[in-house]
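*Asks:* Sequence first, then the predicted structure:
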Amino acid sequence: MKAAFFKEHGGSEKILYDDYRDPVPDATDVVVRVAACALNHVDMLLLDGRFPPPEGLPHVNGCEVTGVVETTGREVKGLTRGQRVIIFPGFSCGQCEYCLRGERTVCTRYGYLGAHKDGGYAERVKAPAANLLPLPEAISFEAGAALPLAMLTSWHALVAKADVRPGHTVLVQAAGSGVGSAAIQIARLAGARVMTTVGSDDKIEFARRLGAEHVVNYRTQDFVEEAKRWTGKRGVDVVIEHIGGDTFERSTYALTRMGVLVTIGSHDTHWGRLDLRHVYSKNLRIVGTNLGTILELKQVLDHVVAGRLTPVIDRAFPLKDTRAAVQHVLDRKNKGKVLLVP
Ligand SMILES: [Zn+2]
(Lines give C-alpha, C1' and ligand atoms only; values in the text may rest on other atoms or scores of the structure.)
Protein backbone atom coordinates (compact mmCIF):
# COMPACT_ATOMS: atom_id res chain seq x y z
CA MET A 1 0.00 0.00 0.00
CA LYS A 2 0.96 3.66 -0.22
CA ALA A 3 1.65 5.56 3.00
CA ALA A 4 3.21 8.80 4.20
CA PHE A 5 5.90 7.79 6.70
CA PHE A 6 9.26 8.93 8.07
CA LYS A 7 12.56 7.11 8.66
CA GLU A 8 14.34 10.03 10.36
CA HIS A 9 13.21 12.77 12.73
CA GLY A 10 12.93 16.34 11.54
CA GLY A 11 10.48 18.67 9.82
CA SER A 12 7.91 18.06 7.09
CA GLU A 13 10.75 17.41 4.59
CA LYS A 14 11.38 14.07 6.33
CA ILE A 15 7.98 12.71 5.29
CA LEU A 16 8.14 10.22 2.43
CA TYR A 17 5.21 9.08 0.30
CA ASP A 18 5.95 5.59 -0.98
CA ASP A 19 5.20 1.86 -0.72
CA TYR A 20 4.89 0.62 2.86
CA ARG A 21 4.29 -2.75 4.56
CA ASP A 22 0.63 -3.80 4.47
CA PRO A 23 -1.02 -4.17 7.90
CA VAL A 24 -1.66 -7.81 8.85
CA PRO A 25 -4.58 -8.31 11.26
CA ASP A 26 -4.25 -10.51 14.35
CA ALA A 27 -7.26 -12.63 15.36
CA THR A 28 -9.06 -9.74 17.09
CA ASP A 29 -8.00 -6.97 14.68
CA VAL A 30 -9.63 -5.26 11.73
CA VAL A 31 -7.91 -3.69 8.73
CA VAL A 32 -9.67 -0.47 7.74
CA ARG A 33 -9.38 1.12 4.31
CA VAL A 34 -8.74 4.73 5.28
CA ALA A 35 -11.19 7.31 3.93
CA ALA A 36 -9.94 10.29 5.95
CA CYS A 37 -7.32 10.92 8.62
CA ALA A 38 -6.89 14.13 10.62
CA LEU A 39 -3.59 15.69 11.64
CA ASN A 40 -2.84 16.37 15.28
CA HIS A 41 -0.24 18.15 17.34
CA VAL A 42 1.05 14.82 18.65
CA ASP A 43 1.96 13.93 15.05
CA MET A 44 4.42 16.81 15.05
CA LEU A 45 6.07 15.59 18.27
CA LEU A 46 6.42 12.10 16.80
CA LEU A 47 7.90 13.53 13.61
CA ASP A 48 10.44 15.86 15.19
CA GLY A 49 11.50 13.35 17.86
CA ARG A 50 10.22 15.09 20.98
CA PHE A 51 8.01 11.99 21.37
CA PRO A 52 9.83 9.27 19.41
CA PRO A 53 7.51 6.45 18.23
CA PRO A 54 7.83 3.67 20.88
CA GLU A 55 8.06 0.95 18.20
CA GLY A 56 10.82 2.80 16.35
CA LEU A 57 11.21 3.99 12.76
CA PRO A 58 9.96 3.92 10.06
CA HIS A 59 6.65 5.16 11.43
CA VAL A 60 3.25 6.18 10.04
CA ASN A 61 1.47 8.98 11.96
CA GLY A 62 -2.28 9.51 12.17
CA CYS A 63 -4.52 8.88 15.19
CA GLU A 64 -7.92 10.12 13.93
CA VAL A 65 -9.25 7.79 11.27
CA THR A 66 -12.49 6.98 9.49
CA GLY A 67 -12.92 4.44 6.72
CA VAL A 68 -14.49 1.13 5.78
CA VAL A 69 -13.82 -2.38 7.07
CA GLU A 70 -11.64 -4.29 4.63
CA THR A 71 -10.55 -7.48 6.41
CA THR A 72 -11.31 -8.88 9.85
CA GLY A 73 -9.33 -11.23 12.09
CA ARG A 74 -10.81 -14.73 12.52
CA GLU A 75 -12.26 -14.00 16.00
CA VAL A 76 -13.92 -10.70 15.02
CA LYS A 77 -17.72 -10.70 15.09
CA GLY A 78 -20.29 -8.03 14.27
CA LEU A 79 -18.29 -6.11 11.67
CA THR A 80 -18.76 -6.62 7.96
CA ARG A 81 -16.62 -5.81 4.96
CA GLY A 82 -17.49 -2.41 3.56
CA GLN A 83 -19.03 -1.13 6.80
CA ARG A 84 -18.36 2.57 7.58
CA VAL A 85 -16.40 2.93 10.82
CA ILE A 86 -14.63 5.39 13.07
CA ILE A 87 -11.63 4.27 15.12
CA PHE A 88 -11.33 5.07 18.83
CA PRO A 89 -7.60 5.81 19.02
CA GLY A 90 -6.71 4.68 22.57
CA PHE A 91 -5.37 1.20 23.39
CA SER A 92 -5.55 -0.19 26.93
CA CYS A 93 -4.79 -3.58 28.51
CA GLY A 94 -8.09 -4.10 30.37
CA GLN A 95 -6.21 -5.77 33.23
CA CYS A 96 -4.16 -3.21 35.16
CA GLU A 97 -5.38 -1.46 38.32
CA TYR A 98 -6.56 1.60 36.34
CA CYS A 99 -8.37 -0.38 33.64
CA LEU A 100 -10.15 -2.39 36.33
CA ARG A 101 -11.17 0.90 37.93
CA GLY A 102 -12.71 1.90 34.58
CA GLU A 103 -10.07 4.57 33.91
CA ARG A 104 -8.64 3.18 30.71
CA THR A 105 -6.94 6.38 29.56
CA VAL A 106 -4.43 6.02 32.42
CA CYS A 107 -3.79 2.33 31.71
CA THR A 108 -0.19 1.42 32.58
CA ARG A 109 0.14 0.03 29.04
CA TYR A 110 -1.78 2.82 27.32
CA GLY A 111 -1.09 3.57 23.69
CA TYR A 112 -2.41 5.58 20.74
CA LEU A 113 -3.12 4.66 17.18
CA GLY A 114 -0.56 6.52 15.11
CA ALA A 115 1.86 6.79 18.04
CA HIS A 116 2.40 3.38 19.62
CA LYS A 117 1.25 1.69 16.38
CA ASP A 118 1.30 2.78 12.75
CA GLY A 119 -1.58 5.16 12.05
CA GLY A 120 -3.80 6.51 9.34
CA TYR A 121 -1.49 8.51 7.03
CA ALA A 122 -1.91 5.48 4.78
CA GLU A 123 -4.30 3.63 2.51
CA ARG A 124 -4.94 1.02 5.22
CA VAL A 125 -4.60 0.82 8.99
CA LYS A 126 -4.97 -1.96 11.56
CA ALA A 127 -6.86 -1.56 14.86
CA PRO A 128 -8.42 -3.86 17.48
CA ALA A 129 -12.06 -4.61 16.60
CA ALA A 130 -13.06 -3.36 20.07
CA ASN A 131 -11.88 0.13 19.04
CA LEU A 132 -14.27 0.42 16.09
CA LEU A 133 -17.63 2.17 16.17
CA PRO A 134 -20.06 2.40 13.25
CA LEU A 135 -19.88 5.83 11.61
CA PRO A 136 -23.47 7.10 11.16
CA GLU A 137 -24.47 7.81 7.53
CA ALA A 138 -25.23 11.41 8.48
CA ILE A 139 -21.54 12.04 9.29
CA SER A 140 -19.12 12.30 6.36
CA PHE A 141 -15.78 10.49 6.56
CA GLU A 142 -14.08 13.90 6.66
CA ALA A 143 -16.22 15.23 9.51
CA GLY A 144 -15.85 11.95 11.40
CA ALA A 145 -12.05 12.10 11.22
CA ALA A 146 -12.14 15.35 13.23
CA LEU A 147 -13.85 13.70 16.21
CA PRO A 148 -11.90 10.86 17.85
CA LEU A 149 -9.13 12.91 19.43
CA ALA A 150 -9.87 16.62 19.20
CA MET A 151 -13.61 16.61 19.91
CA LEU A 152 -13.44 13.71 22.38
CA THR A 153 -10.56 15.17 24.42
CA SER A 154 -12.35 18.52 24.69
CA TRP A 155 -15.58 16.75 25.67
CA HIS A 156 -13.88 14.76 28.43
CA ALA A 157 -12.01 17.85 29.69
CA LEU A 158 -15.13 20.03 29.94
CA VAL A 159 -17.84 17.52 30.86
CA ALA A 160 -16.04 14.86 32.91
CA LYS A 161 -13.16 16.84 34.43
CA ALA A 162 -14.33 20.46 34.74
CA ASP A 163 -18.03 19.64 35.23
CA VAL A 164 -19.04 22.69 33.20
CA ARG A 165 -22.55 23.93 34.03
CA PRO A 166 -24.95 26.54 32.68
CA GLY A 167 -23.74 29.99 33.68
CA HIS A 168 -20.06 29.03 34.04
CA THR A 169 -17.48 31.19 32.32
CA VAL A 170 -14.88 29.28 30.29
CA LEU A 171 -11.63 30.45 28.70
CA VAL A 172 -10.63 28.23 25.76
CA GLN A 173 -7.06 28.74 24.54
CA ALA A 174 -6.41 28.81 20.78
CA ALA A 175 -9.76 28.80 18.97
CA GLY A 176 -8.04 27.96 15.68
CA SER A 177 -6.86 24.53 16.84
CA GLY A 178 -8.87 21.31 16.64
CA VAL A 179 -9.34 21.06 20.42
CA GLY A 180 -10.03 24.80 20.70
CA SER A 181 -12.73 24.87 18.03
CA ALA A 182 -14.33 21.79 19.63
CA ALA A 183 -14.10 23.10 23.21
CA ILE A 184 -15.87 26.37 22.36
CA GLN A 185 -18.86 24.46 20.96
CA ILE A 186 -19.00 21.92 23.80
CA ALA A 187 -18.82 24.60 26.50
CA ARG A 188 -21.67 26.48 24.77
CA LEU A 189 -23.67 23.22 24.51
CA ALA A 190 -23.23 22.82 28.28
CA GLY A 191 -24.72 26.29 28.76
CA ALA A 192 -21.49 28.12 29.61
CA ARG A 193 -20.31 31.52 28.37
CA VAL A 194 -17.06 31.31 26.43
CA MET A 195 -14.09 33.54 25.77
CA THR A 196 -11.20 32.42 23.60
CA THR A 197 -7.83 33.46 22.21
CA VAL A 198 -6.58 33.70 18.62
CA GLY A 199 -3.16 34.51 17.19
CA SER A 200 -4.35 36.66 14.30
CA ASP A 201 -7.28 38.99 13.68
CA ASP A 202 -8.49 36.96 10.71
CA LYS A 203 -9.53 34.22 13.19
CA ILE A 204 -11.73 36.50 15.32
CA GLU A 205 -14.89 36.15 13.24
CA PHE A 206 -14.27 32.39 12.95
CA ALA A 207 -14.16 32.10 16.77
CA ARG A 208 -17.32 34.17 17.18
CA ARG A 209 -19.22 31.95 14.76
CA LEU A 210 -18.27 28.92 16.88
CA GLY A 211 -20.00 30.56 19.83
CA ALA A 212 -17.30 32.55 21.63
CA GLU A 213 -18.73 35.69 23.21
CA HIS A 214 -15.36 37.40 23.68
CA VAL A 215 -12.34 36.84 21.41
CA VAL A 216 -8.86 38.08 22.34
CA ASN A 217 -5.87 38.35 20.01
CA TYR A 218 -3.15 37.14 22.38
CA ARG A 219 -0.43 38.83 20.34
CA THR A 220 -1.87 42.31 20.82
CA GLN A 221 -4.01 41.95 23.97
CA ASP A 222 -3.43 40.58 27.50
CA PHE A 223 -5.84 37.65 27.87
CA VAL A 224 -5.64 37.75 31.71
CA GLU A 225 -6.70 41.40 31.77
CA GLU A 226 -9.40 40.63 29.21
CA ALA A 227 -10.69 37.66 31.27
CA LYS A 228 -10.93 39.91 34.32
CA ARG A 229 -12.68 42.64 32.37
CA TRP A 230 -15.10 40.18 30.75
CA THR A 231 -16.10 38.70 34.13
CA GLY A 232 -16.31 41.98 36.07
CA LYS A 233 -12.90 41.41 37.80
CA ARG A 234 -14.00 37.96 38.99
CA GLY A 235 -12.04 35.61 36.70
CA VAL A 236 -13.30 32.57 34.80
CA ASP A 237 -14.50 29.29 36.28
CA VAL A 238 -12.67 27.05 33.82
CA VAL A 239 -9.68 27.28 31.49
CA ILE A 240 -9.01 24.71 28.76
CA GLU A 241 -5.23 24.92 28.22
CA HIS A 242 -3.10 23.08 25.67
CA ILE A 243 -0.20 25.45 24.92
CA GLY A 244 2.10 25.28 27.96
CA GLY A 245 4.83 27.68 29.10
CA ASP A 246 3.82 31.27 29.69
CA THR A 247 0.26 30.59 28.46
CA PHE A 248 -0.15 27.88 31.10
CA GLU A 249 1.15 30.07 33.93
CA ARG A 250 -0.91 33.09 32.91
CA SER A 251 -4.03 30.97 32.42
CA THR A 252 -4.03 30.24 36.15
CA TYR A 253 -4.19 34.02 36.80
CA ALA A 254 -7.36 34.20 34.69
CA LEU A 255 -9.18 31.81 37.08
CA THR A 256 -11.58 32.82 39.79
CA ARG A 257 -11.48 31.31 43.27
CA MET A 258 -11.99 27.51 43.19
CA GLY A 259 -11.59 27.64 39.41
CA VAL A 260 -10.23 24.71 37.46
CA LEU A 261 -7.61 24.62 34.74
CA VAL A 262 -7.70 21.49 32.60
CA THR A 263 -4.45 20.82 30.75
CA ILE A 264 -4.92 18.69 27.65
CA GLY A 265 -1.71 19.32 25.74
CA SER A 266 1.57 21.19 25.49
CA HIS A 267 1.72 22.57 21.96
CA ASP A 268 4.56 25.03 22.63
CA THR A 269 6.43 23.40 25.49
CA HIS A 270 6.01 20.59 28.03
CA TRP A 271 6.90 22.97 30.87
CA GLY A 272 4.89 25.52 32.80
CA ARG A 273 5.37 27.46 36.06
CA LEU A 274 2.85 27.80 38.86
CA ASP A 275 2.65 30.50 41.53
CA LEU A 276 1.76 28.14 44.36
CA ARG A 277 0.48 30.93 46.64
CA HIS A 278 -2.10 31.65 44.02
CA VAL A 279 -3.09 27.96 43.73
CA TYR A 280 -3.55 27.28 47.44
CA SER A 281 -4.94 30.63 48.53
CA LYS A 282 -7.62 30.55 45.82
CA ASN A 283 -8.20 26.78 46.10
CA LEU A 284 -7.53 26.31 42.40
CA ARG A 285 -7.57 22.90 40.77
CA ILE A 286 -5.04 22.00 38.08
CA VAL A 287 -6.29 18.85 36.34
CA GLY A 288 -4.71 16.77 33.60
CA THR A 289 -6.61 14.66 31.11
CA ASN A 290 -6.09 12.79 27.87
CA LEU A 291 -8.64 11.46 25.38
CA GLY A 292 -11.94 10.17 26.83
CA THR A 293 -14.01 6.99 26.76
CA ILE A 294 -15.52 5.06 23.88
CA LEU A 295 -18.94 5.81 25.39
CA GLU A 296 -18.18 9.54 25.25
CA LEU A 297 -17.20 9.17 21.59
CA LYS A 298 -20.65 7.64 20.97
CA GLN A 299 -22.23 10.62 22.74
CA VAL A 300 -20.20 13.01 20.58
CA LEU A 301 -21.36 11.16 17.44
CA ASP A 302 -24.99 11.56 18.57
CA HIS A 303 -24.54 15.31 19.08
CA VAL A 304 -22.92 15.66 15.65
CA VAL A 305 -25.77 13.73 13.98
CA ALA A 306 -28.26 16.01 15.75
CA GLY A 307 -26.38 19.10 14.55
CA ARG A 308 -25.51 20.30 18.06
CA LEU A 309 -21.77 19.92 17.47
CA THR A 310 -19.97 20.53 14.18
CA PRO A 311 -16.41 19.39 13.60
CA VAL A 312 -14.49 22.25 12.04
CA ILE A 313 -12.59 21.27 8.92
CA ASP A 314 -9.93 23.64 7.61
CA ARG A 315 -9.09 21.71 4.45
CA ALA A 316 -8.26 18.25 3.13
CA PHE A 317 -5.01 17.37 1.34
CA PRO A 318 -4.43 14.29 -0.83
CA LEU A 319 -2.33 11.70 1.02
CA LYS A 320 0.50 12.18 -1.46
CA ASP A 321 0.70 15.84 -0.34
CA THR A 322 1.19 15.00 3.35
CA ARG A 323 4.33 17.16 3.51
CA ALA A 324 2.34 20.23 2.53
CA ALA A 325 -0.44 19.34 4.98
CA VAL A 326 2.04 18.98 7.87
CA GLN A 327 3.74 22.26 6.97
CA HIS A 328 0.33 23.98 6.83
CA VAL A 329 -0.26 22.93 10.47
CA LEU A 330 3.30 23.75 11.58
CA ASP A 331 2.83 27.24 10.12
CA ARG A 332 -0.43 27.54 12.15
CA LYS A 333 -2.35 28.51 9.04
CA ASN A 334 -5.29 26.25 9.85
CA LYS A 335 -8.68 27.15 11.29
CA GLY A 336 -9.86 23.79 12.61
CA LYS A 337 -8.80 20.35 11.45
CA VAL A 338 -6.54 19.49 8.56
CA LEU A 339 -7.23 16.15 6.87
CA LEU A 340 -5.53 13.66 4.60
CA VAL A 341 -7.55 11.76 2.04
CA PRO A 342 -5.95 8.77 0.24
ZN1 LIG B 1 -4.62 -1.25 31.69
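*Replies:* Okay, I see it. What you see is a predicted model; the values in this text were computed from it and never measured.

*Asks:* Show me the helices in the stretch 151-300 of the chain, by range?
*Replies:* Secondary structure of the stretch 151-300 of the chain, counting by DSSP state H, counting those that start in this stretch: helices at 152-155, 178-189, 204-210, 223-230, 245-253, 276-281, 294-305.

*Asks:* Which one of those lies nearest to V30?
*Replies:* V30 sits nearest to helix 294-305 of all the helices of the stretch 151-300 of the chain, at 14.8 Å, using Cβ to Cβ. (Glycine included, C-beta is placed from N, CA and C.)

*Asks:* tell me the angle the closest one makes with helix 178-189.
*Replies:* 70 degrees (axes from the mean of the first three to the mean of the last three Cα atoms, to 10 degrees).

*Asks:* Can you name the next helix or strand after helix 294-305?
*Replies:* Downstream of helix 294-305, the next assigned helix or strand under DSSP states H and E is strand 313-318.

*Asks:* what mean pLDDT does that following strand have?
*Replies:* Strand 313-318 comes out with an average pLDDT of 96.

*Asks:* Tell me which residues are up against the following helix or strand past that strand.
*Replies:* For strand 313-318, the succeeding helix or strand toward the C-terminus, using DSSP H and E, is helix 322-330. The contact list for helix 322-330, computed with Cβ atoms under 8 Å, 6 or more residues apart in numbering, reads 4, 11-13, 15, 17, 39, 41, 43-44, 47, 121, 314-315, 317, 334, 338-340.

*Asks:* let's see 10 Å
*Replies:* 3-6, 11-17, 37-41, 43-44, 47-48, 61-62, 121-122, 177-178, 314-319, 321, 333-334, 337-341 (Cβ atoms under 10 Å, 6 or more residues apart in numbering).

*Asks:* Next, find the distance separating the most centrally placed residue in the chain from the ion.
*Replies:* The centroid of the chain falls nearest to A150 when counting by Cα atoms, centre = their mean (2.5 Å). The gap separating A150 from the ion is 24 Å, by Cβ to the ion, to the nearest Å.

*Asks:* do G90 as well
*Replies:* 11 Å.

*Asks:* I am assuming that residue contacts T105, so please confirm or correct that.
*Replies:* Yes - between G90 and T105 there is a contact under Cβ atoms under 10 Å: 6.1 Å.

*Asks:* Comparing these two, which shows the higher neighbour count?
*Replies:* G90 (24 against 16; other Cβ atoms under 10 Å).

*Asks:* residues touching the spatially closest residue to that one that is not a sequence neighbour, list them.
*Replies:* Using Cβ to Cβ, 6 or more residues apart in numbering and skipping the chain neighbours, the partner closest in space to G90 is L291 (5.0 Å). Neighbouring residues of L291 by Cβ under 10 Å, 6+ apart: 63, 88-90, 104-106, 110, 112, 148-149, 152-153, 155-157, 264, 297.

*Asks:* T247 too?
*Replies:* Q173, A174, T197, Y218, F223, V239, E241, S266, H267, D268, T269, G272.

*Asks:* ok, and the most crowded of those?
*Replies:* In terms of neighbours by other Cβ under 10 Å, the contacts of T247 top out with V239 at 30 neighbours.

*Asks:* Would you mind measuring from that residue to the ion?
*Replies:* Taken as Cβ to the ion, the span from V239 to the ion is 30 Å.

*Asks:* Show the contacting residues for that residue.
*Replies:* 162, 169-173, 195, 223, 227, 247-248, 250-255, 259-263, 284, 286.

*Asks:* Filtering the residues you listed by proximity to the ion, which remain?
*Replies:* Applying Cβ under 5 Å from the ion to these, one finds that nothing falls near the ion.

*Asks:* what about L135, distance to L147?
*Replies:* 9 Å (Cβ to Cβ, to the nearest Å).

*Asks:* Find residues that contact each of those two.
*Replies:* Contacts common to L135 and L147, judged by Cβ under 10 Å, 6+ apart, are T66, I86, L301.

*Asks:* any chance of these in CSV, plus neighbour count, pLDDT and distance to V76?
*Replies:* Shown next, in CSV, are these (neighbours: other Cβ atoms under 10 Å; pLDDT from 0 to 100; distance: Cβ to Cβ, whole Å):
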residue, neighbour count, pLDDT, distance to V76
T66, 27, 98, 18
I86, 28, 98, 16
L301, 23, 97, 21
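
*Asks:* Nothing else from me, thank you.
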